[in-house]
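Colleague: here is a sequence with its predicted model. Questions after.
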Amino acid sequence: MKIFFKIIIYLIDLNYKNKIVSFLKRKLKNKLINVIDVGAHKGETIQMFSKNFNLGSIICYEASKKNFKSLINFKKKKYNFNLEIHNIGLGSEEKELDFFQTSESSSSTFCEINFQSNYYKRKKKILDIFKKENYIVNREKIRLNTLNNQFKNFSFDSVDILKIDTEGFEFDVIKGACNYLKKIKLIYFEHHFDSMIIKNYKFSEIHEYLKNNNFKKILKIKMPLRKTFEYIYENRTD
(Lines give C-alpha, C1' and ligand atoms only; values in the text may rest on other atoms or scores of the structure.)
Protein backbone atom coordinates (compact mmCIF):
# COMPACT_ATOMS: atom_id res chain seq x y z
CA MET A 1 0.00 0.00 0.00
CA LYS A 2 2.88 2.37 0.87
CA ILE A 3 4.56 1.77 -2.51
CA PHE A 4 1.24 2.28 -4.34
CA PHE A 5 0.77 5.61 -2.53
CA LYS A 6 4.28 6.77 -3.51
CA ILE A 7 3.64 5.87 -7.16
CA ILE A 8 0.41 7.90 -7.20
CA ILE A 9 2.12 10.96 -5.70
CA TYR A 10 5.06 10.60 -8.11
CA LEU A 11 2.79 10.53 -11.17
CA ILE A 12 0.76 13.50 -9.94
CA ASP A 13 3.90 15.57 -9.34
CA LEU A 14 5.65 14.54 -12.56
CA ASN A 15 3.73 16.87 -14.86
CA TYR A 16 4.31 20.06 -12.90
CA LYS A 17 7.97 19.17 -12.27
CA ASN A 18 8.46 18.75 -16.01
CA LYS A 19 7.06 22.25 -16.53
CA ILE A 20 9.66 23.65 -14.14
CA VAL A 21 12.47 21.73 -15.83
CA SER A 22 11.38 22.98 -19.27
CA PHE A 23 11.24 26.56 -18.00
CA LEU A 24 14.73 26.35 -16.48
CA LYS A 25 16.14 24.76 -19.63
CA ARG A 26 14.90 27.68 -21.71
CA LYS A 27 16.34 30.14 -19.19
CA LEU A 28 19.74 28.46 -18.74
CA LYS A 29 20.22 27.31 -22.36
CA ASN A 30 22.27 24.21 -21.47
CA LYS A 31 25.20 26.14 -20.04
CA LEU A 32 27.37 24.76 -17.23
CA ILE A 33 25.62 25.65 -13.97
CA ASN A 34 26.30 25.67 -10.25
CA VAL A 35 23.42 24.78 -7.91
CA ILE A 36 22.94 25.21 -4.16
CA ASP A 37 20.30 22.82 -2.80
CA VAL A 38 19.01 23.80 0.66
CA GLY A 39 16.62 21.19 2.03
CA ALA A 40 18.01 18.40 -0.13
CA HIS A 41 15.74 15.83 1.56
CA LYS A 42 16.53 12.45 -0.06
CA GLY A 43 18.21 13.67 -3.23
CA GLU A 44 15.25 14.53 -5.45
CA THR A 45 16.95 17.72 -6.67
CA ILE A 46 20.20 15.88 -7.36
CA GLN A 47 18.28 13.45 -9.55
CA MET A 48 16.31 16.14 -11.36
CA PHE A 49 19.26 18.40 -12.11
CA SER A 50 21.80 15.69 -12.94
CA LYS A 51 19.34 14.19 -15.42
CA ASN A 52 18.32 17.41 -17.16
CA PHE A 53 21.13 19.95 -16.84
CA ASN A 54 24.82 20.46 -17.54
CA LEU A 55 26.14 20.69 -13.99
CA GLY A 56 29.44 22.06 -12.77
CA SER A 57 28.65 21.69 -9.05
CA ILE A 58 25.71 20.96 -6.80
CA ILE A 59 26.15 21.67 -3.09
CA CYS A 60 23.47 20.09 -0.87
CA TYR A 61 22.37 20.95 2.66
CA GLU A 62 20.02 18.79 4.72
CA ALA A 63 19.36 19.53 8.40
CA SER A 64 17.63 16.22 9.21
CA LYS A 65 19.94 13.44 10.37
CA LYS A 66 17.34 10.89 9.26
CA ASN A 67 16.97 12.31 5.75
CA PHE A 68 20.71 12.78 5.40
CA LYS A 69 21.28 9.02 5.53
CA SER A 70 19.58 8.71 2.14
CA LEU A 71 21.81 11.45 0.68
CA ILE A 72 24.99 9.57 1.59
CA ASN A 73 24.18 6.98 -1.09
CA PHE A 74 24.62 9.63 -3.79
CA LYS A 75 28.26 10.09 -2.79
CA LYS A 76 28.89 6.45 -3.70
CA LYS A 77 28.08 7.16 -7.35
CA LYS A 78 30.39 8.68 -9.94
CA TYR A 79 29.29 11.92 -11.58
CA ASN A 80 30.87 14.23 -14.13
CA PHE A 81 30.24 17.17 -11.80
CA ASN A 82 31.22 18.16 -8.28
CA LEU A 83 28.76 16.93 -5.60
CA GLU A 84 28.94 17.93 -1.95
CA ILE A 85 26.45 17.02 0.79
CA HIS A 86 26.34 18.61 4.23
CA ASN A 87 24.30 17.56 7.24
CA ILE A 88 23.67 21.09 8.55
CA GLY A 89 20.77 23.52 8.62
CA LEU A 90 20.93 27.01 7.13
CA GLY A 91 19.16 30.10 8.42
CA SER A 92 19.48 33.85 8.90
CA GLU A 93 22.01 33.55 11.73
CA GLU A 94 24.21 31.09 13.58
CA LYS A 95 22.21 29.66 16.46
CA GLU A 96 20.67 26.48 17.86
CA LEU A 97 17.05 25.84 16.96
CA ASP A 98 14.39 23.17 17.44
CA PHE A 99 13.92 20.93 14.40
CA PHE A 100 10.69 18.98 13.97
CA GLN A 101 11.29 15.62 12.28
CA THR A 102 8.06 14.13 10.92
CA SER A 103 7.55 10.48 10.05
CA GLU A 104 6.46 11.74 6.61
CA SER A 105 9.96 13.10 6.16
CA SER A 106 9.32 15.75 3.49
CA SER A 107 7.34 17.83 6.02
CA SER A 108 10.20 18.10 8.52
CA THR A 109 10.81 21.74 9.44
CA PHE A 110 12.36 24.33 11.74
CA CYS A 111 8.93 25.96 12.04
CA GLU A 112 6.38 25.13 14.71
CA ILE A 113 3.59 22.84 13.52
CA ASN A 114 -0.05 23.70 14.16
CA PHE A 115 -1.46 20.34 15.20
CA GLN A 116 -4.95 21.82 15.46
CA SER A 117 -5.13 23.01 11.86
CA ASN A 118 -7.59 21.29 9.54
CA TYR A 119 -4.82 20.85 6.96
CA TYR A 120 -2.65 18.94 9.43
CA LYS A 121 -5.57 16.74 10.54
CA ARG A 122 -6.48 15.85 6.92
CA LYS A 123 -2.87 15.13 6.01
CA LYS A 124 -2.33 12.96 9.08
CA LYS A 125 -5.53 11.02 8.41
CA ILE A 126 -4.58 10.30 4.80
CA LEU A 127 -0.97 9.39 5.54
CA ASP A 128 -1.89 7.15 8.47
CA ILE A 129 -3.90 5.02 6.04
CA PHE A 130 -0.95 4.40 3.74
CA LYS A 131 1.91 4.18 6.23
CA LYS A 132 2.69 1.39 8.68
CA GLU A 133 3.57 3.86 11.43
CA ASN A 134 1.39 6.74 12.59
CA TYR A 135 2.17 10.32 11.58
CA ILE A 136 4.41 11.47 14.41
CA VAL A 137 6.69 14.44 15.08
CA ASN A 138 9.97 14.30 17.00
CA ARG A 139 11.83 17.39 18.21
CA GLU A 140 15.64 17.80 18.27
CA LYS A 141 18.11 20.66 18.64
CA ILE A 142 20.14 21.50 15.51
CA ARG A 143 22.86 24.12 15.05
CA LEU A 144 22.26 26.52 12.16
CA ASN A 145 24.83 28.10 9.87
CA THR A 146 24.31 30.71 7.13
CA LEU A 147 24.78 30.86 3.37
CA ASN A 148 26.94 33.93 3.98
CA ASN A 149 29.44 31.69 5.80
CA GLN A 150 29.13 28.81 3.36
CA PHE A 151 29.81 30.96 0.29
CA LYS A 152 33.38 31.42 1.48
CA ASN A 153 34.00 27.69 0.96
CA PHE A 154 32.64 27.42 -2.59
CA SER A 155 35.01 26.84 -5.49
CA PHE A 156 32.89 29.08 -7.77
CA ASP A 157 32.13 32.81 -7.66
CA SER A 158 28.44 32.81 -8.62
CA VAL A 159 25.39 30.57 -8.17
CA ASP A 160 23.07 29.87 -11.09
CA ILE A 161 20.27 28.37 -8.97
CA LEU A 162 19.62 28.55 -5.24
CA LYS A 163 16.89 25.96 -4.64
CA ILE A 164 15.21 26.09 -1.20
CA ASP A 165 12.71 23.58 0.16
CA THR A 166 12.69 24.01 3.92
CA GLU A 167 8.98 23.86 4.78
CA GLY A 168 8.36 27.45 5.82
CA PHE A 169 11.98 28.43 6.60
CA GLU A 170 12.80 29.76 3.13
CA PHE A 171 12.95 33.44 4.07
CA ASP A 172 15.48 32.74 6.83
CA VAL A 173 17.72 30.92 4.37
CA ILE A 174 17.58 33.80 1.88
CA LYS A 175 18.31 36.45 4.53
CA GLY A 176 21.29 34.38 5.60
CA ALA A 177 22.91 34.92 2.18
CA CYS A 178 23.50 38.60 3.12
CA ASN A 179 26.24 40.16 0.96
CA TYR A 180 26.35 37.16 -1.37
CA LEU A 181 22.71 37.42 -2.47
CA LYS A 182 23.83 39.51 -5.45
CA LYS A 183 25.91 36.54 -6.68
CA ILE A 184 22.79 34.35 -7.07
CA LYS A 185 21.10 34.40 -10.49
CA LEU A 186 17.90 32.40 -9.80
CA ILE A 187 16.14 31.56 -6.53
CA TYR A 188 13.74 28.62 -6.74
CA PHE A 189 11.61 28.05 -3.64
CA GLU A 190 8.20 26.95 -2.39
CA HIS A 191 5.77 28.75 -0.13
CA HIS A 192 3.02 27.13 1.96
CA PHE A 193 -0.31 28.94 2.20
CA ASP A 194 -1.86 26.34 4.52
CA SER A 195 -2.09 26.78 8.29
CA MET A 196 -0.17 23.63 9.26
CA ILE A 197 3.24 25.31 9.34
CA ILE A 198 3.57 28.38 11.56
CA LYS A 199 5.91 30.57 9.50
CA ASN A 200 7.58 33.74 10.76
CA TYR A 201 6.83 35.60 7.52
CA LYS A 202 4.16 36.22 4.90
CA PHE A 203 4.70 35.76 1.18
CA SER A 204 4.42 39.52 0.64
CA GLU A 205 7.45 40.00 2.91
CA ILE A 206 9.72 37.63 1.02
CA HIS A 207 8.49 39.12 -2.26
CA GLU A 208 9.33 42.67 -1.15
CA TYR A 209 12.72 41.57 0.22
CA LEU A 210 13.69 39.96 -3.08
CA LYS A 211 12.29 42.90 -5.06
CA ASN A 212 14.38 45.33 -3.00
CA ASN A 213 17.43 43.20 -3.81
CA ASN A 214 16.80 43.45 -7.57
CA PHE A 215 15.03 40.10 -8.01
CA LYS A 216 11.93 39.71 -10.16
CA LYS A 217 9.36 36.90 -10.01
CA ILE A 218 9.45 35.01 -13.32
CA LEU A 219 7.53 31.82 -12.50
CA LYS A 220 4.67 30.78 -10.21
CA ILE A 221 3.21 27.27 -10.30
CA LYS A 222 0.83 25.45 -7.95
CA MET A 223 1.86 22.12 -6.49
CA PRO A 224 -0.85 19.44 -7.00
CA LEU A 225 -3.07 18.52 -4.01
CA ARG A 226 -1.43 21.15 -1.78
CA LYS A 227 -2.00 24.74 -0.75
CA THR A 228 1.55 25.40 -1.89
CA PHE A 229 3.15 27.26 -4.80
CA GLU A 230 6.66 27.11 -6.21
CA TYR A 231 8.33 30.30 -7.37
CA ILE A 232 11.39 31.30 -9.34
CA TYR A 233 12.90 34.77 -8.93
CA GLU A 234 15.59 36.15 -11.23
CA ASN A 235 18.38 38.54 -10.25
CA ARG A 236 18.09 41.58 -12.54
CA THR A 237 21.26 43.28 -11.25
CA ASP A 238 23.34 44.49 -14.19
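Modeller: Great, that's in hand.

Colleague: which SSE is immediately downstream of the host helix or strand of S50?
Modeller: Applying DSSP states H and E as the criterion places S50 in helix 44-52. Helices and strands here follow DSSP H and E; after helix 44-52, the next one along the chain is strand 55-61.

Colleague: helices or strands up against that following strand?
Modeller: In terms of contacts (3 or more Cβ pairs under 8 Å, 6 or more residues apart in numbering; DSSP states H and E), strand 55-61 is packed against strand 33-38, helix 44-52, strand 82-86. Where C-beta positions appear, they are placed from N, C-alpha and C, glycine not excepted.

Colleague: so how far is the helix holding S50 from its chain's centroid?
Modeller: Here helix 44-52 is found 13 Å from its chain centre; the criterion is Cα atoms, centre = their mean, to the nearest Å.

Colleague: quick one, it and strand 33-38 angle?
Modeller: Relative orientation of helix 44-52 versus strand 33-38 (axes from the mean of the first three to the mean of the last three Cα atoms, to 10 degrees): 160 degrees.

Colleague: go ahead and confirm M196 touches Q116.
Modeller: No - counting by Cβ atoms under 8 Å, M196 stays clear of Q116, with 9.7 Å between them.

Colleague: ok, those two, which is more surrounded?
Modeller: M196 (23 against 9; other Cβ atoms under 10 Å).

Colleague: quick one: closest of the helices and strands packed on strand 55-61 to Y180.
Modeller: For those, proximity to Y180 was assessed by Cβ to Cβ; strand 33-38 is nearest, at 10.2 Å.

Colleague: show residues contacting that closest one.
Modeller: Under the criterion Cβ atoms under 8 Å, 6 or more residues apart in numbering, residues 45-46, 49, 53-61, 90, 147, 154, 156, 158-166, 173, 184 lie in contact with strand 33-38.

Colleague: my guess is L90 contacts L147. True?
Modeller: Yes - judged on Cβ under 8 Å, L90 makes contact with L147 at a distance of 5.8 Å.

Colleague: and for the two, which residues touch both?
Modeller: Shared contacts of L90 and L147, counting by Cβ under 8 Å, 6+ apart, come down to V38, V173, G176.

Colleague: quick one: the residue nearest in space to the middle of the chain and R139, what's the gap?
Modeller: The centre of the chain sits closest to D165, judged by Cα atoms, centre = their mean, with a distance of 1.7 Å. Remark: distance between D165 and R139 (Cβ to Cβ, to the nearest Å) = 20 Å.

Colleague: checking the closest residue to K175 other than its chain neighbours next. Helix, strand or coil?
Modeller: Leaving aside its sequence neighbours, K175 sits nearest to S92 (Cβ to Cβ, 6 or more residues apart in numbering; 4.1 Å). When classified by DSSP: H, G, I helix; E, B strand; the rest coil, S92 comes out as coil.

Colleague: I figured S92 hits T146, correct?
Modeller: Yes - the pair S92 / T146 is scored as a contact, 6.9 Å apart, by Cβ under 8 Å.

Colleague: for K95, which non-adjacent residue is spatially closest?
Modeller: In space, K95 is closest to L144, 5.6 Å off (Cβ to Cβ, 6+ apart).
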